[in-house]
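Asker: after the sequence you'll find the predicted model.
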Amino acid sequence: IYEFNSVHKACINLKAELCSGLGVSFKKGVPEKIQKFFDNSNNNFNENFSSLCVKLMIDYQAIGRFALEVVRGVDEFSLYHIPAHEIYAVQDGSSIRVKNYLQQTSGGYFKPFKKYNPSKKVRGSSVLTMEEYSPTSRFYGIPEWMPAKKAIIGNDTISDYMLNFFENNARPDYFIIITGTTLTTEQRNTLETNLRLTKGVDNAHKLVTLTIGNPNAKIEIKEMSKIIDDNFRNTKIDNRDEIALAHKVPPKILGISSAGSLGSGNE
């Protein structure tokens, strides 16, 4: 659900950039070969070590794990990002160890990978993973925002509902309630025509007049949408704050300011 919610995605991208996107600097004496590796960690165009780490951190924050392909050659090695949701762990028998990994390709096939071993400099490809620890899984990470999953889906549901409402105009904004008399056919037609002619941007704030001709008649106008819309708005704000809390990101850093906090710069 990385793409479900703007606050959720903004928190993930912000943490990835702040943790990994600030670049690399070198002290004097660092071998040129190492410096070149940080500029070009693989054969992908314009992907240096920092941009590679940002991708890994986005996966780690969004999914709870990242996967890195390590390719060893005769005298050098390369690093490649693998989308973490494509990598599956193969259990070593009935133990709690990982034997190797499988990558599910776009065609549905599984490509095997050896598990990375830093002590064995064997040529070829292997996979290194890092998991966000959770006691609910021995082999896969669980992201820290998981308790806010319902808030993320809830805001998406509210947005879908409001979009469908505006597309279908399924609920009237107002009711005009007339009691104490019965409208004639001419009065009803006049009222409907006047209301229809006041729709649209060019007719904003125009006045509709209605003459009943009965001193006992009573006319009320009741707004139907405001209460429901306010409830939705308050729910979305509560969910937004819960999402930011789960990520441990102060809302102000995301550009969200609330009443009473404008003068504070603590974040």
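Answerer: Thanks, I have the structure now.
Asker: drop to CA atoms for contacts and neighbour counts, all remaining ones
Answerer: Fine.
Asker: next, give phi and psi for Glu17.
Answerer: Dihedral angles of Glu17 (phi, psi; degrees, to the nearest 10) stand at phi -70, psi -40.
Asker: tell me where this structure has strands.
Answerer: Assigned by DSSP state E, the chain shows strands spanning 65-72, 77-82, 87-91, 98-104, 110-115, 124-131, 174-179, 218-223.
Asker: what lies in contact with the fourth one?
Answerer: Applying Cα atoms under 8 Å, 6 or more residues apart in numbering, the contact partners of strand 98-104 are 86-92, 110-115, 127, 139.
Asker: list buried residues within these.
Answerer: Burial by neighbour count, 16 or more other Cα atoms under 10 Å: within those this picks out 87-89, 112-115, 127.
Asker: now tabulate the residues you listed in JSON lines and tack on pLDDT and distance to Gln61.
Answerer: Shown next, in JSON lines, are these (pLDDT from 0 to 100; distance: Cα to Cα, whole Å):
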{"residue": "Ile87", "pLDDT": "96", "distance to Gln61": "16"}
{"residue": "Tyr88", "pLDDT": "96", "distance to Gln61": "18"}
{"residue": "Ala89", "pLDDT": "95", "distance to Gln61": "19"}
{"residue": "Pro112", "pLDDT": "95", "distance to Gln61": "25"}
{"residue": "Phe113", "pLDDT": "95", "distance to Gln61": "23"}
{"residue": "Lys114", "pLDDT": "94", "distance to Gln61": "25"}
{"residue": "Lys115", "pLDDT": "94", "distance to Gln61": "22"}
{"residue": "Val127", "pLDDT": "96", "distance to Gln61": "19"}
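Asker: which of those sits closest to Asp229?
Answerer: Closest approach between the buried ones among the contacts of strand 98-104 and Asp229, by Cα to Cα: Ile87, at 42.6 Å.
Asker: ok, the closest one - contacts?
Answerer: Ile87 makes contact with 67, 101-104, according to Cα under 8 Å, 6+ apart.
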